[in-house]
Each structure stands twice: as structure tokens, then as C-alpha cells.
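**Q** Below are the sequence and a predicted model; questions follow.
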Amino acid sequence: MPEEAIKITNLKKDFRINESHPGFLGSVRNLFSRKHKIKHALDGISLEIKKGDFVGYVGENGAGKSTTIKILTGILVPTSGEARVNGLVPHENRIKNAKRIGVVFGQRTQLWWDLPVRESFDLLQAIYEAPEPAFQRNLEYLGEVLGLKDLLSVPVRKLSLGQRMRCDIAASLLHEPEILFLDEPTIGLDLLAKDSIRKFLKKINAEKQTTILLTTHDMEDIDYLCERIVILDEGKIIFDGLRDDLKRYYGRTRVVEVEFREENPPLRFENGVQIVREENRKKWISFDREKHNASEVITYIVNHAPVKDIFLHEPRVADIVKTIYEKVS
Amino acid sequence: MKKYLKAASKSFQKQAAYKVEYFVGLLNGLLFIFIFTSLWKAIYARSAPETLKGPFDLESMVTYAVLAMIIKISFSMDDNATSFKMRTGALVMDLIKPVSYYFFYLAESVGYSLFHVFSRGIPLLAFSVLAFHVRFPTEPLNYLLLVLSGTMAYSIFFNINYMAGLLSFWFIETFSFQLMKYGLFTLFAGGILPVDFFPDSIRPLVSLLPFPHIFYTPTAVFMGHSPPGGARLAMLAQFCWAAVLSVLSWLAWKAAMKKLVVQGG
């Protein structure tokens, strides 16, 4: 039994993209000849994820996140390199691998549109060959925690997005997978729904030791959930480490939000302290944590201008990721 | 195995969810049976007597038209499923499940068809018995042959549709292929025209195709009508086509998986 839930070694995936000739004559030419371009969706990534880890997999559109998940679920065959999930090579053992993982693609559903939720679950039980007592126990547990009681008899096509997502997450966990892949599970959800899903994921990771790989654009998901963060850019891993380290190393910039009593307070900043945003009487002042400490900056401000209100902001993962991307490109 | 049985039963249930669709479908069936039986009656009434010495007399012709139409209505599947899933990227959701795509699709199609057998085929048959002179076979053997030949026919029908659907892995737009398939089905499968009516010069060629074994052969062996070359030869050919097409489907899936670049997402 390998200790790593997921082990990826120098994985590459190339796609061949058809390029169309432009214009009307071009479209006629397209019937007979096509230009091709090779896109390196994954350009040699290596990654190890241990059992019970909760990893945030971050990157812009087209960075290669979904491609990675599709390789790990056995849908895509890598161009070179190796991926192992629970010790199995996914595309060679798609069905065997599928029984031991759960997958949620936020923009799609694995339920059947025309069937009531309960019937979909029933079919999933047969598909995953989940034993009756364990399945019923899981259904009861998930139904309780995700609040599915009133949804079970509703046909899937009549569910709201938030309801459908809760059902989809339940569906991915009914067979007690060892690893859960989540691709944008909170996309398009309102704050309340996001919050309940985040709490649930944290709980299931802690209680059942389910390994979770989460892909999302919502940095608050990552901030709240993932201890470890992997950042991907153009098919390469540009950061792999703990969230706290990420904040420590890259999040040296702190921001003080100040609301002044007058329009133009007589303040002069230098040595890395600067105003980064202004909004009427509010100003956001950033400084380097290594060079100044917060009290020093705040004392200066308070002594030189009348202040109505003041906040000190923690660095947000979203801002850090943005700075990392800016440095890379 | 249990998962595929369950898939078939859920697919059966799914069909039952749309009541209006069901009644409109039933009405369509009645309409088509009425059109074709009327057509044959008109043709027979105006034909020279020597034509009537052909392979079917009027009563067996009407029987053929009714039975072939009912088999045609019973054989139903969502033949657009693969290309739709390919286009929208929803295919991913099938591939993340621990099931064989082929057998799961087959199970869903069988469930779909069984629903049509019970909900449309049998009521239409009952109606036709009352409305027209349909001559039923009295030998139990014919009913056994119907089940056997019908099963093989369904396998041929499914595999052709399955492979046509897989074309969408290579070509995003497969509408023209589907049209061609419908054309071949309409012309050669025997849902409308029995193979016996093709001119002598091309009848042997048509008999070599897989298409006549979809609606023509099961209808003929059930009625006790001898297909060209005899019932045994026809059913043997049916069996061979079902086996060959199943193997081709398997190979086509292997090739398709190699080709796969899921759209979107």
C-alpha cells in the first residue's frame, strides 16, 4: 500500500490544436488543409500528495488544472511521464481507479437529469457496487450534513444550482472514495451555499481522512480549506508548499486601511510605504513587513492627520497569487 | 452485471416520466400503421392480378406492414447521445464512473426499448388486431423465433447506431452521417419495404447487407414467411452480423479513446 495517494512524475500532455485559415476563402481552404499547433497543456509536472491531504490546485484558465484531473481520472492519456493514483495508472485501469475516487466537476452533473435524486443515488450505488449497510449509512450522514432531506424526491432538472451542487457532492462521496477531486465546486454559488459546502469539505477531510484535490478560482475557498497550495502556470508548477509559508514568503506586503476626517491629509510616505488605493476619504496604505512594523506605520499616520477609523489587513492568498503571477510573467 | 440491469430499469422509469410524449408517440404509431396499411391496400387494389401472385397476398402484406412497423417503433434508443455528450463535454461524467461505456449505453437503450415494447408495441398490436386483418402465427415456435431473431436484430441495430455515434470523436458535426444512416435504414431495413420487393438483380446484394436483418428478418420469421435463402440462413447471417458488428464496436471504442480530446471544461 503506497503512502502517497497521488504520485505524478514529470507528466506531460500535449494537445494538437487546429488553426483555421481566416476569412471566407480561408474557410474554403479549411475543408482541404488544416494548420496545426502543439500546445503543451502540462509541461513536465511532478507532484506527491499524501493520504488525508487537502491540496489547493490553483492556476489561471488554461494553466492545466482540468487536464491534470482528467489524467488522474483516466480520461486522458498523458503524452509522457507517469501518474499514479492509489498506486494505479489511471488510464490503464480506468474502471478500477474510478471505483476508488470521487469526482465533482462544478459545471456538470453526474446525476441523471430525468430521475429524482434518490433514484440517481440508487443507480450510483449499483454502479459503484457499494454494499447496502455502508451505503445507507453514508446516505443518511451526507443527507444530514448537506441538508438533502427535501431534495431526494425532486427530479435533478428541477434543482437550483446550489441544491444540485450539494447533491453532486453527496453523489461523489456515497461510495466512500479515498480521494476526492473537486473542480470548481463552488462556481456560481451564493455566499450561503459556498459557506455550507466549505464547512462540509473541511469536516469530511478531518473526519474521514479523505484526500482532497481542490481546483478553484475562488481564493477564499483555498484560504479557508487548503493547508497546501500548488500553483500552476502554463503547464508548470511555480509554487508547491504550505499556505502559511506562501503567506510568509510572498505575503510580506501588509495593508492598512485608513478613513481620514479630511479629503487630503498631509502625509508623505517613503521607503516602501505607499498608497495603493484611494476612495474619497479612505486610503489603503501598503508597507513591507520586513522593513516596518505595523505600529510604526500606524503611529505615523495617527500623529500626522485626523483619523476616523483604521483596519489592518492580513495578506490574502488572492493578492499573493497575483503577485506571483506578475513576477513570473 | 447488476449495475447494467439497474441502468436498464432506470432508463425504463425515465421514459415513463413524460406522459404527454407517450400519448403523442402512441398516436404517431397509429398514424404510421394506418398510412402503410392503407398504402398497401391501395396498391393491391389497383395492381394487375399477376402481381398478386408475388411473395405476399394482401392479408399477409398488411400483417407484414403492421408487425414491421411495431418492431420499428419498439426498437428505440437515443442515437444522438454520444455525439451530444461529445459536443457538450458531458462524456466526462460517464467516463469518471466505473462502468463500461458500451454496456451502460446498451443497458440504457434496452430499458428504453423495453418501455416502448410494453407501452407502445403491445397496445398498437392489440389495436391492429381489432382494426385490420392481421394474421397471427399459431405455432409457439414462431414466437420463440421472434424473440431470438429480435434479440440479434437489436444487437445489429444498436451496434450500427453506437458506431455512428462514435464518429463524433473524429468529426464534431455528424449530422450528415446520421442522415445517411437513416436513409440506409429506411431503404434496406425492411421497416417499410420487404426485401422481396427489390428487383432480382439487386436483391442478393441487399440480402448481404446487415440492414435487412434489423426489421425484415424478425418480421419474416415470425410470420412464417421465408426470406430469400430460407429462415435458417437468414438467422445465421443475422448472428454473424451481430457478432462482427459487436467486435467492430469494441475496436471503434478503443480507437475513439485514443482519439479523445474532451471538448471544453
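**A** Right, received. Where do you want to start? Numbers count the residues shown, from 1 in each chain, chains lettered A, B, ... in the order given.
**Q** which stretches of the stretch 201-329 of chain A form helices?
**A** Here the stretch 201-329 of chain A has its helices, by DSSP state H, counting those that start in this stretch, at A:219-225, A:243-250, A:294-304, A:317-328.
**Q** and the spatially closest residue to A:I222 that is not a sequence neighbour, how far is that from chain B?
**A** Leaving aside its sequence neighbours, A:I222 sits nearest to A:G56 (CB to CB, 6 or more residues apart in numbering or on different chains; 3.9 Å). Bear in mind the C-beta positions are built from the backbone N, C-alpha and C, glycine included. Per CB to the nearest CB, to the nearest Å, A:G56 is found 19 Å from chain B.
**Q** just A:E60 next, same as before
**A** On the measure of CB to the nearest CB, A:E60 and chain B end up 15 Å apart.
**Q** Now do that residue: how many residues are near it, please.
**A** A:E60 has 14 neighbouring residues, counting by other CB atoms under 10 Å in any protein chain shown.
**Q** can you pull the contacts of it?
**A** A:E60 is in contact with A:D233, A:Y325, counting by CB atoms under 8 Å, 6 or more residues apart in numbering or on different chains.
**Q** and with 10 Å instead?
**A** With contact taken as CB atoms under 10 Å, 6 or more residues apart in numbering or on different chains, A:E60 is in contact with A:H217, A:I231, A:L232, A:D233, A:E234, A:V321, A:Y325.
**Q** Quick check: the two most widely separated of these?
**A** A:H217 and A:E234 (16.5 Å; CB to CB).
**Q** My reading is that A:F15 lies in a strand. Confirm?
**A** Yes. With DSSP: H, G, I helix; E, B strand; the rest coil as the criterion, A:F15 is part of a strand.
**Q** Counting neighbours, what do you get for it?
**A** Neighbour tally, A:F15, other CB under 10 Å: 14.
**Q** so what's it closest to, chain neighbours aside?
**A** Closest to A:F15 by CB to CB, 6+ apart is A:K39, at 4.8 Å.
**Q** what does A:V77 give?
**A** Setting aside the residues directly before and after it, A:V77 is nearest to A:H91 in space (CB to CB, 6+ apart), at 4.7 Å.
**Q** just the residues of chain B that are near chain A, which are they?
**A** B:1-7, B:9-11, B:13-18, B:88-101, B:104, B:108, B:257-258, B:260-262, B:264-265 (CB under 10 Å from any CB of the partner chain).
**Q** cutoff 6 Å now
**A** Chain B comes close to chain A at residues B:2-3, B:6, B:10, B:14, B:17, B:90, B:93, B:95-99, B:265, as judged by CB under 6 Å from any CB of the partner chain.
**Q** Let me see the contact set for A:V58.
**A** A:I231 (CB atoms under 6 Å, 6 or more residues apart in numbering or on different chains).
**Q** Which helix or strand contains it?
**A** If you go by DSSP states H and E, A:V58 is part of strand A:54-59.
**Q** how much does that strand deviate in direction from helix A:317-328?
**A** 50 degrees (axes from the mean of the first three to the mean of the last three CA atoms, to 10 degrees).
**Q** what about the next helix or strand after strand A:54-59, average pLDDT?
**A** With elements assigned by DSSP H and E, the helix or strand that comes after strand A:54-59 is helix A:65-72. Averaged across helix A:65-72, the pLDDT comes to 92.
**Q** Which residue is the nearest non-sequential neighbour of B:T186?
**A** B:T186 sits nearest to B:I192 (CB to CB, 6+ apart), 6.5 Å away.
**Q** which parts of the strand or helix carrying A:E48 are buried?
**A** Here A:E48, judged by DSSP H and E, is contained in strand A:35-50. By neighbour count with 16 or more other CB atoms under 10 Å in any protein chain shown, strand A:35-50 contains the buried residues A:A41, A:L42, A:D43, A:I45, A:L47, A:I49.
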